[in-house]
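>>> what's the 3D shape of this:
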Amino acid sequence: MAEVIWTESALLELDLIAQYISLDKPSAAKKLVKTILRATRRLELFPESGRTPPEISHLNYLEIIIKPCRIFYRIDSNKVYIVYIMRSEQDLKKYLLNS
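Predicted coordinates:
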């Protein structure tokens, strides 16, 4: 069984996304956060269940998609690090260029 570890930056992004959604629909924001947390907990048993993000296929990252979000993670031994979360409509290449 793998240990799922959220990075501070990933938690911050999740919080920002939830805050934005809650401006119009607080219940939808709560539901999304619960769904994302449940999906990432599943990585404890199935850490390799995500797909390789096409934009960064040359790197050692996987992603799971929980609409409207993409959750990026990497596996290191028996640990799964949730490293970034973004809204699906955002351009990952622009984010990478600005980092």
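>>> can you classify Met86 by secondary structure?
Secondary structure for Met86, judged by DSSP: H, G, I helix; E, B strand; the rest coil, is strand.
>>> confirm for me that it is in contact with Ile66.
No. At 11.5 Å, Met86 does not count as touching Ile66 under the criterion of C-beta atoms under 8 Å. For the C-beta atoms, the positions are set from N, CA and C on the backbone; glycine is no exception.
>>> okay, now Trp58: neighbour count?
Residue 58: His, not Trp. 7 (other C-beta atoms under 10 Å).
>>> again with the one 10 residues further on
By other C-beta under 10 Å, 13 other residues sit near Pro68.
>>> got it, and the one 3 residues further on?
Residues near Ile71, counting by other C-beta under 10 Å, number 23.
>>> got the contact list for it?
Ala10, Ile36, Ala39, Thr40, Glu63, Ile64, Ile65, Ile82, Tyr84, Ile85 (C-beta atoms under 8 Å, 6 or more residues apart in numbering).
>>> which SSE is it in?
Following DSSP states H and E, the helix or strand that holds Ile71 is strand 69-76.
>>> quick one: the helices in the chain?
8-22, 26-41, 92-98 (DSSP state H).
>>> hey, least reliable of those by pLDDT?
Mean pLDDT values for these show the minimum at helix 92-98, a mean of 55.
>>> picking up where we left off before, ok, so of the contacts of Ile71, who is nearest Arg51?
Among the contacts of Ile71, Glu63 lies closest to Arg51 (C-beta to C-beta), at 6.1 Å.
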